[in-house]
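K.L.:
Compute the structure for the input listed below.
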Amino acid sequence: MVRKGHLKLSFDDGRADFLLPEDGKLEKSNLTTFIAENSMELIIPFSQESADKIFSSNIHLHSLLFINSTVESQKTLLEQSKVVAKEFKGKMLFIVIDVTAALSHVLTYFGVSEEDAPTARVINMDTAKKFSIASEDLSPDSLRQLCQEVVGGTTQPYYRSEEIPEDWDKKPVKVLVGKNFDSVTQNSSKNVFVEFYAPWCRHCKELSPIWDQLGEKYADHDDIIIAKMDATANEVEAVTIDGFPTLKYFPAGGKEVISYTGKRDLETFSKFVDAGGVLPEEESDADDDEDEDDTEKAQRVTARAAHPPAMTAHSISATGREPAIHITKASIGEEGHQLSSAFPEVVRAKSDILLPSSFGFQLGMEDGEQVGDHVGWREAVNEKHHPVDSLF
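P.N.:
Numbering: from 1, shown residues only. Model (predicted):
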């Protein structure tokens, strides 16, 4: 029904009014977005089918309710939470995730176990910051308060952390987790060189013996710490991980953190550490050459995305670093056209070719093949294996 000034449409949640601009012109794109967002349920049951609508929405605050669908009291809590979802409609998407479903990567990304249900998490898709609520405190009122604080910017995000190992400092290479990261790296008298790794990463495995040698070399230096952290199980606010391994040097006295981009051999590492976080001069020239190589490779990858029938995505190793989104042995089908139109440039990080960590396409994998750890809950959803040529 169209009346002067607004368009009235009926949805499952009742009526929604689309306000027309002052000139009275109706833009198709605006109306399409309005219909798409209002046609979704107040609390959207998550599935592969609903994922596309969720991640293509213009609403980038997502409130996730984790429940066990076999527990009646939790189903009742979900129903009661619809009142809160209605209050924040247009500001936040509400999504329910059944912890009994096959979504282990999503649960891992948010640090939720099946035993934690019912619980809630809120994520800002623009910043990837996550906000939590204690399981025992979850109620419509506490959920409302969490959402208000996130929208108002008055609450702090949370970061995953493993427990601190008892022997974390007993070996030459110290083991960091989220809970001891700041106390070690912010030490005013220590220079700390940290490897952020992923257990599955091939380049990290190749680096491991060299990193151990580096730890042995500086084990007796009181002002130098060589450390490592599993960045798939621990998160810290100060560091953004876009590929593995990521190497960061934290100078004593809280000075600016330095990203290491040089060769990964004991000699170059040693020169870097001895110089207080400065790469040898010859490394800068080598990096420039590598940048040019990566640029050419980035252009080739983008060009291939525009011609999917001839494209086979494969691991492109330039300097030995695995991307957070790692394309390996995945063939991209016809819908790969979307890739080149939505993301005309791939991301370079002096490493393998990276696709933007925020992109919502799903790379098909052969059965049994493992893709690299993804960044973001959208990518965690897509971690599950699917047939080759399945790109949504």
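K.L.:
how about the helices of the stretch 1-150 of the chain, start to end?
P.N.:
Per DSSP state H, counting those that start in this stretch, the stretch 1-150 of the chain carries helices over the ranges 28-38, 48-56, 72-80, 82-87, 104-110, 140-152.
K.L.:
Redo those helices as JSON lines? Include mean pLDDT, distance to Asp265 and mean neighbour count.
P.N.:
Every C-beta, even on glycine, is put in place using the N, C-alpha and C of the backbone. Formatted as JSON lines, those follow (pLDDT from 0 to 100; distance: least, Cβ to Cβ, whole Å; neighbours: other Cβ atoms under 10 Å):
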{"stretch": "helix 28-38", "mean pLDDT": "59", "distance to Asp265": "52", "mean neighbour count": "13"}
{"stretch": "helix 48-56", "mean pLDDT": "86", "distance to Asp265": "41", "mean neighbour count": "15"}
{"stretch": "helix 72-80", "mean pLDDT": "95", "distance to Asp265": "54", "mean neighbour count": "14"}
{"stretch": "helix 82-87", "mean pLDDT": "96", "distance to Asp265": "54", "mean neighbour count": "17"}
{"stretch": "helix 104-110", "mean pLDDT": "84", "distance to Asp265": "33", "mean neighbour count": "19"}
{"stretch": "helix 140-152", "mean pLDDT": "96", "distance to Asp265": "45", "mean neighbour count": "17"}
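K.L.:
can you put those in JSON lines and add distance to Thr119?
P.N.:
Shown next, in JSON lines, are the helices of the stretch 1-150 of the chain (distance: least, Cβ to Cβ, whole Å):
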{"stretch": "helix 28-38", "distance to Thr119": "26"}
{"stretch": "helix 48-56", "distance to Thr119": "19"}
{"stretch": "helix 72-80", "distance to Thr119": "10"}
{"stretch": "helix 82-87", "distance to Thr119": "15"}
{"stretch": "helix 104-110", "distance to Thr119": "9"}
{"stretch": "helix 140-152", "distance to Thr119": "10"}
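K.L.:
Tell me which of those helices sits nearest to Phe66.
P.N.:
Phe66 lies closest, by Cβ to Cβ, to one member of the helices of the stretch 1-150 of the chain: helix 104-110, at 7.5 Å.
K.L.:
For the closest one, name the packing helices and strands.
P.N.:
strand 61-67, helix 377-381 (3 or more Cβ pairs under 8 Å, 6 or more residues apart in numbering; DSSP states H and E).
K.L.:
By mean pLDDT, show me the worst of the ones you listed.
P.N.:
Comparing mean pLDDT over the helices and strands packed on helix 104-110, the weakest stretch is helix 377-381, at a mean of 61.
K.L.:
Contacts for stretch 177-191, please.
P.N.:
Here stretch 177-191 makes contact (Cβ atoms under 8 Å, 6 or more residues apart in numbering) with 159-165, 168, 174, 176, 192, 194, 222-225, 227, 229-230, 233-236, 238, 249-254, 273, 276-277.
K.L.:
which ones are touching Ser142?
P.N.:
Counting by Cβ under 8 Å, 6+ apart, the residues that Ser142 touches are Ile133.
K.L.:
Quickly list the domain ranges of the protein.
P.N.:
As assigned by automatic domain parsing, the chain contains the domains 1-39, 43-152, 173-279, 284-381.
K.L.:
Just checking, which helix or strand of this protein averages the lowest pLDDT?
P.N.:
Ranking every helix and strand in the chain by mean pLDDT, DSSP states H and E puts strand 312-313 at the bottom, with a mean of 31.
K.L.:
what about the strands in the stretch 201-350 of the chain?
P.N.:
Applying DSSP state E, counting those that start in this stretch to the stretch 201-350 of the chain gives strands spanning 224-230, 243-244, 246-250, 258-259, 312-313, 322-323, 330-331.
K.L.:
Next, format these as a markdown table and append distance to Thr108 and mean neighbour count.
P.N.:
Shown next, in a markdown table, are those (distance: least, Cβ to Cβ, whole Å; neighbours: other Cβ atoms under 10 Å):
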| stretch | distance to Thr108 | mean neighbour count |
| --- | --- | --- |
| strand 224-230 | 12 | 23 |
| strand 243-244 | 16 | 26 |
| strand 246-250 | 20 | 22 |
| strand 258-259 | 27 | 15 |
| strand 312-313 | 25 | 18 |
| strand 322-323 | 19 | 26 |
| strand 330-331 | 22 | 21 |
